[in-house]
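Peer 1: could you work out the structure for the sequence below:
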Amino acid sequence: MCLESPELVHLTQVSFLCFLASTSPDVLAARKAEIWSSLDETTKTVYGNLYLEQLYANFEAHVPTCPVDLSPVVTAMRSALFSKRPKSRYAVGRGTCTLMYVLSVLPSWISDRLLVAMSPITRDARPAKLQQSTSLVM
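Peer 2: Numbering: from 1, shown residues only. This is a model prediction of the structure:
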């Protein structure tokens, strides 16, 4: 593949619902601590540790529903990288093709609500600054 020629460069998105490389609670806790320690003080002040705790608690509740086998993701990425004409999206995982079709035919506002409902982030999880400001809270 010639990278100098812009017409040969394709942008590809690999879509999947949920795949995890490791579901060990120790690995997740270590990753949470690593993320928190890598943030600057301003970001820590804006979001707060409680927000990170809420996100990880919701994430850990969704862990049992996620497949551990990453081979479908790797296969889709390999297909995208080595294809002469890669697809714009690759659906990976059970039900993803159906979900992508349904989202494409629904109005945007319904698609957005459906994706929010499926998200592991709950509506009550808000950054610290949003909790302090009553005018910004929905």
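Peer 1: report the contact partners of residue 54.
Peer 2: Listed by C-beta atoms under 8 Å, 6 or more residues apart in numbering, the contact partners of residue 54 are 122, 124-125. Yep, even glycine has a C-beta here, placed from its N, CA and C like the rest.
Peer 1: let me know the pLDDT of it.
Peer 2: pLDDT, the model's per-residue confidence, is 86 for residue 54.
Peer 1: helix, strand, or coil at it?
Peer 2: At residue 54, secondary structure determined by DSSP: H, G, I helix; E, B strand; the rest coil is helix.
Peer 1: start the count at 26 instead of 1 going forward.
Peer 2: Got it, first residue is 26 now, which makes that one residue 79.
Peer 1: still on that earlier bit, of the contacts of residue 79, grab the buried ones for ChimeraX.
Peer 2: The following ChimeraX line selects those of the contacts of residue 79 that are buried, judged by 16 or more other C-beta atoms under 10 Å:
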select :150
